[in-house]
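>>> sequence first, then the predicted structure, then my questions.
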Amino acid sequence: MGGSTNIEGYHRKFLATCNDWDYLVSQNSFSTEIFKSCFAFKDRPILQIGYPRNDILIRDNNKEKIKEYKKKLGLPLDKKIILYAPTWRDDQFYEAGQYGFELDLDVNRLQEEFGDEYVLLLRLHYFIVDQLDLSKYGDFTVDGSSYDDITDLYLISDMLITDYSSVFFDYANLKRPVLYYTYDLDKYRDVLRGFYLDMEKDLP
């Protein structure tokens with residue numbers, strides 16, 4: 001990996017796509033203000049009605065449905081699920097929109113400490129094209145990156161581990177624990193992308 005991501009060109013293409021939209025759906029007033037600038041939507045209608053995709057988190061948040069989704073994914077019914085959903089890194093790339101990922105998580109230690117009670121369910125960002133070899137961890141890890149709907153993965157998980165991804169906003173509807181694993185906080189904040197929130201002050 002290396003060279004230029006041509007991220008500016010990617011942003012131009014993205015903004016061109018935004019110009020075709022008539023409306024934009026927002027979850028809350030905080031997001032509405034951000035979307036006005038990042039989607040160039042200052043003079044067009046933003047519908048602050050919440051994300052329809054999150055309705056399932058209220059509707060299906062019961063033992064029967066969770067059991068159904070676990071069976072669909074082939075996950076054990078007698079273990080708890082830790083969902084690890086990190087975002088992509090701008091400096092780990094092949095080309096714009098095609099990113100790699102280095103698993104900077106001590107899965108061996110997690111397995112030693114929690115393997116009897118938990119399963120680690122990994123969900124990489126859809127920009128990430130790398131396939132991770134999790135076979136050495138046996139039944140402790142499951143790769144849910146290619147599963148079509150992350151909302152189902154939220155429902156079946158007992159806690160979320162993430163970094164700078166916005167997935168925690170959606171997951172918060174479940175009122176379950178969220179752990180922020182930000183091993184490269186300084187680099188991500190000061191060099192790569194920056195934040196809309198102050199992670200060290202604004203997040204729980």
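That came in fine, so what should we check first?

>>> and the strands in the protein?
Secondary structure of the chain by DSSP state E: the strands cover 24-26, 46-48, 80-84, 93-95, 98-99, 118-122, 141-143, 159-162, 178-180.

>>> what's the burial count for the nearest residue to S145 once chain neighbours are set aside?
Using Cβ to Cβ, 6 or more residues apart in numbering and skipping residues adjacent in sequence, the residue nearest S145 is L124, 4.4 Å away. Every residue, glycine included, has its C-beta placed from N, CA and C. By the measure other Cβ atoms under 10 Å, the count of residues near L124 is 22.

>>> relative to G115, how far out is L124?
Distance from L124 to G115, counting by Cβ to Cβ, to the nearest Å: 21 Å.

>>> likewise L83?
16 Å.

>>> poorly predicted segments of this structure, please.
Along the chain, segments meeting pLDDT under 70 span 1-11, 88-103, 125-135, 137, 185, 187-196.

>>> repeat that with 90
1-20, 27-31, 33-44, 50-51, 53, 73, 86-110, 122-149, 163-169, 180-204 (pLDDT under 90).

>>> before we move on, back to that, more neighbours, L83 and G115?
The neighbour count for L83 versus G115, taken as other Cβ under 10 Å, is higher for L83 (26 against 17).

>>> list the residues that contact the nearest residue to that one once chain neighbours are set aside.
Leaving aside its chain neighbours, L83 sits nearest to S157 (3.7 Å; criterion: Cβ to Cβ, 6+ apart). With contact set as Cβ atoms under 8 Å, 6 or more residues apart in numbering, S157 has these partners: 81-83, 121, 176.

>>> many thanks, have a good one.
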